[in-house]
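Trainee: Fold the following.
(chains A and B)
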Amino acid sequence: MTKELKQIRVRIAPSPTGYLHIGTARSALFNYLFAKKNKGKFILRIEDTDLERSDKKFEKDIIDNLKWLGIEWDEFYRQSERIETYAKYLEKLLNEGEAYRCFCPQKQIDGGVPQIYSGKCRDLSDEEIKKNLAEGKKSIIRFKSPIKKVAFKDLIRGKVEFDSSLIGDFSIAKDITTPLYNFAVVIDDFEMEISHVIRGEDHLSNTPKQILLEEALNFPQPQFGHLPLILGPDRSKLSKRHGATSVTEYRKEGYLPEAIINFMAFLGWNPGGEKEIYSMEELIEDFSLDKVQKGGAIFNIQRLNYLNGVYIRQKSIEELAELCRLYLPKADKEDLEKAVSLYQDRLKKLSEIAELTDFLFKDVLEYDKELLKWKDMTDGEMKKVLDNLNKILCDISEKEWKKENLEKILMPEAERMEDRGTLLWPLRVALTGKKASAGPFEVAEALGKKRTLKRIQNAKLEI
RNA sequence: GGCCCUAUCGUCUAGCCCGGUUCAGGACGCAGGGUUCUCAUCCCUGUAACUCGGGUUCAAAUCCCGAUGGGGCCGCCA
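Mentor: Alright, predicted model coming up:
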């Protein structure tokens, strides 16, 4: 028997009840990589059956940020537009006696431990159902869960087995036009011909329910693969209380999509070699589900920062300047490029550019005059140094006001001192007002002759 | 509490399937050093782990069993 090789079709199915979560983004990435690697299709399906909690603004955020990350889909669906389809299958299940209406009050949580549904309404007669309905009694639709062992081979974990008697008759819809998660997923995965369901481990215990439904509906079973969770520092599932969890927050702070992608890929996955800087193309090339980890991985911001620095340093000045525009709204293209070339090596996040380069955009610097002093200089020595600096710099023409020239002229002067810092530290502080900054020659060039001399004058006035 | 998943440096992990080549490799972090006026970049060095207990075997991080730890789920949310 030759097995027909079906096309690989995977999906990411976020619900628009919050901004794109880092965990959802990583699931999307893994699905995307798997699809691309196997020449398959990647589908985005918005799971907005819960009208109360769903919000268009979150849907927009999910779409925008997935695109921003470079995770593009081949097909797009919205569950709220597919209600008729679910209704059709709901009717079928109801008619075939695989599902039933339940008129019981909502499940009670007993001593903190929820109970399995008793099955009280399982065998209600048609008359009783009609009567209840006529009386306007509230009902939901439950699946008549057969008692059996449900086993499946997880792509990442191997054989997993559940006992359906511990699941009970779970709910599949609030009413005929309001399907619930486990049901809608099964219908959609079938209708969309999903071949592999790759999702977070938090869905592992939903899998037997979905398999039971697939069996009742005679659907082929997709392959399941459950990804390890992204954890907070306390090893519990990453959530708001651990800090920023949405892609948009990291985006606003100035993390690059390349860095986030590289970072997320290596949370729970590793190709085995020693190469750790990977572009999307390289990830696709090397991706494989059996290199996925089983245990959860802590979200380590230090590593994201490091990676972001790596990608920032890879940018051209022009690109980086454009990316930083948002953080320096008042700067023109030229200023932007000056600022960026001065601080590219020092940037961990784009947002830092504003504070780092504020001295470029100020007329008057405010700093403690003590900061001007290198080691234990006296005021007199300081004055001499500044005068000297002023004298030398005055003689350099506007035309020659270049980093290289400034260095060529100033360095021998600095060498003459017992310590180069005696000349260079006060210069740098006078120009930037900071104890840590880019080098004095490049800053002087960026500032230009006039402003440089002005700042040296101002420093003298301080003493 | 029940069910399920899981377990190598502080963190992300390689090695485990096919036991000996590993007193366990890389990266982040941290510490120290070099370059350097400062900070950063860059370069070098160091730091630190096979959860525990039983087996199996000449030999176990690697195979088996158990314990313990950690996590997830248990909704008329997804």
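Trainee: I figured residue A:182 was touching residue A:170, is that so?
Mentor: Yes: Residue A:182 sits in contact with residue A:170 when judged by Cβ atoms under 8 Å, with a separation of 6.6 Å. Where C-beta positions appear, they are placed from N, C-alpha and C, glycine not excepted.
Trainee: intersection of neighbour lists for these two?
Mentor: residue A:209 (Cβ atoms under 8 Å, 6 or more residues apart in numbering).
Trainee: what sits against residue A:85?
Mentor: Residue A:85 touches A:187, A:191, counting by Cβ under 8 Å, 6+ apart.
Trainee: and if you look at residue A:442?
Mentor: Taking Cβ under 8 Å, 6+ apart as the criterion, residue A:442 is in contact with A:341-342, A:403.
Trainee: Next: residue A:204.
Mentor: Under the criterion of Cβ under 8 Å, 6+ apart, the neighbours of residue A:204 are A:154, A:160, A:226.
Trainee: And for the spatially closest residue to residue A:148 that is not a sequence neighbour, the neighbour number?
Mentor: Setting aside the residues directly before and after it, residue A:148 is nearest to residue A:164 in space (Cβ to Cβ, 6 or more residues apart in numbering), at 5.4 Å. Here the count is done by other Cβ atoms under 10 Å, and residue A:164 has 18 residues near it.
Trainee: residue contacts, residue A:164?
Mentor: With contacts defined as Cβ under 8 Å, 6+ apart, residue A:164 is in contact with A:145-150, A:208, A:212.
Trainee: of all those, which comes closest to residue A:346?
Mentor: Using Cβ to Cβ, residue A:208 is the member of these that sits closest to residue A:346, with 52.4 Å.
Trainee: got the contact list for that closest one?
Mentor: Shown here is residue A:208, whose contacts under the criterion Cβ under 8 Å, 6+ apart are A:150, A:152, A:162, A:164, A:167.
Trainee: can you rerun that using 10 Å?
Mentor: A:145, A:148-152, A:160-164, A:166-167, A:170 (Cβ atoms under 10 Å, 6 or more residues apart in numbering).
Trainee: Generate CSV for those residues, with secondary structure as supplementary columns.
Mentor: Written out in CSV, the entries for the contacts of residue A:208 read as follows (DSSP: H, G, I helix; E, B strand; the rest coil):
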residue, secondary structure
A:145, coil
A:148, coil
A:149, strand
A:150, strand
A:151, strand
A:152, strand
A:160, strand
A:161, strand
A:162, strand
A:163, strand
A:164, helix
A:166, helix
A:167, coil
A:170, coil
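Trainee: can those go into CSV with extra columns for pLDDT?
Mentor: Formatted as CSV, the entries for those read as follows, by pLDDT from 0 to 100:
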residue, pLDDT
A:145, 97
A:148, 95
A:149, 95
A:150, 96
A:151, 95
A:152, 96
A:160, 95
A:161, 94
A:162, 95
A:163, 95
A:164, 95
A:166, 93
A:167, 94
A:170, 97
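Trainee: For the stretch 51-200 of chain A, what lies in contact range of RNA strand B?
Mentor: Of all the residues in the stretch 51-200 of chain A, those in contact range of RNA strand B (Cβ under 7 Å from any atom of the strand) are A:53, A:104-107, A:109, A:113-117, A:138, A:140, A:157-163, A:166, A:170-171, A:174, A:180-182, A:184.
Trainee: out of everything not next to it in sequence, what's closest to residue A:202?
Mentor: The shortest distance from residue A:202 to any residue other than its chain neighbours is 6.4 Å, reached at residue A:229 (Cβ to Cβ, 6+ apart).
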